[in-house]
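**Student:** Next one to model:
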Amino acid sequence: MGYELPGRRTGRPPRRFRGVLSVVAAGLFVCCVGATGLGAWNYQHVRQSSGAAREAAEAFLHDVTSGDAAGAYDRLCVDTRERWSREEFERRLAVPPTISRYAVDDVEVASDRGQLRGTVTATLTRRSGATDRREMPMVRDGDQWRVCGDPF
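**Tutor:** Numbers count the residues shown, from 1 in each chain. Coordinates of the predicted model:
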């Protein structure tokens, strides 16, 4: 015969401990579901933005190849417009070797501290027949994508 201390149970943890474990497990579950949902939302947001960035780059290149310097200039980001005046930009577009054709090869979009940024890689064909690949940095400005940096 064994002697058992009063109030002491063996084999099962106290109810209070199980309650705390249940709350912790529920909290971890909510955090995991939230993190998964946030990751899926961010992925979808970036994926949708890559199409919009491509369209903005194609519109810019269309303006450049058609000789619409004003339209192309309006598609530049604020930083680039501060470095290039409208007149300088128009003069640069008129200087050979001008672009006659283009093809967008790749679009990469990422979120950088909440700011969407991207890079569009395009093959530009000059009127001389020479081709070169250019990477055009893109930034999201409000609800529009804009070309940043040196677009030529």
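
**Student:** For the closest residue to R146 other than its chain neighbours, which residues are in contact?
**Tutor:** With C-beta to C-beta, 6 or more residues apart in numbering as the criterion, R146 has its nearest non-adjacent residue at 4.0 Å, and that residue is C77. C-beta coordinates here come from the backbone N, C-alpha and C atoms, glycine included. For C77, the contact set (C-beta atoms under 8 Å, 6 or more residues apart in numbering) comprises 139, 141, 146-148.

**Student:** least confident pick among those?
**Tutor:** When these are compared by pLDDT, D141 scores lowest at 90.

**Student:** Spatially, which residue comes closest to that one, not counting chain neighbours?
**Tutor:** C77 (6.2 Å).

**Student:** mind checking how far that neighbour is from A56?
**Tutor:** Computed as C-beta to C-beta, to the nearest Å, the C77 to A56 distance reads 11 Å.

**Student:** Can you give me the end-to-end span of stretch 103-123?
**Tutor:** Stretch 103-123 has an end-to-end distance of 5 Å (criterion: C-alpha to C-alpha, to the nearest Å).

**Student:** Strands of the chain, residue ranges please.
**Tutor:** Along the chain, counting by DSSP state E, strands occupy 99-112, 115-126, 131-141, 144-147.

**Student:** so where's the chain uncertain?
**Tutor:** Flagging of the chain using pLDDT under 70 yields the residue ranges 1-15, 25-26, 28-49, 151-152.

**Student:** Please identify every residue contacting each of C77 and A56.
**Tutor:** With C-beta under 8 Å, 6+ apart, C77 and A56 have common neighbours 146-147.

**Student:** Could I get the full set of helices for the chain?
**Tutor:** 15-66, 69-74, 78-83, 86-94 (DSSP state H).

**Student:** Report the buried residues of the last one.
**Tutor:** Looking back up the chat, that one is helix 86-94. 89, 93 (16 or more other C-beta atoms under 10 Å).

**Student:** Alright, that wraps it up for me.
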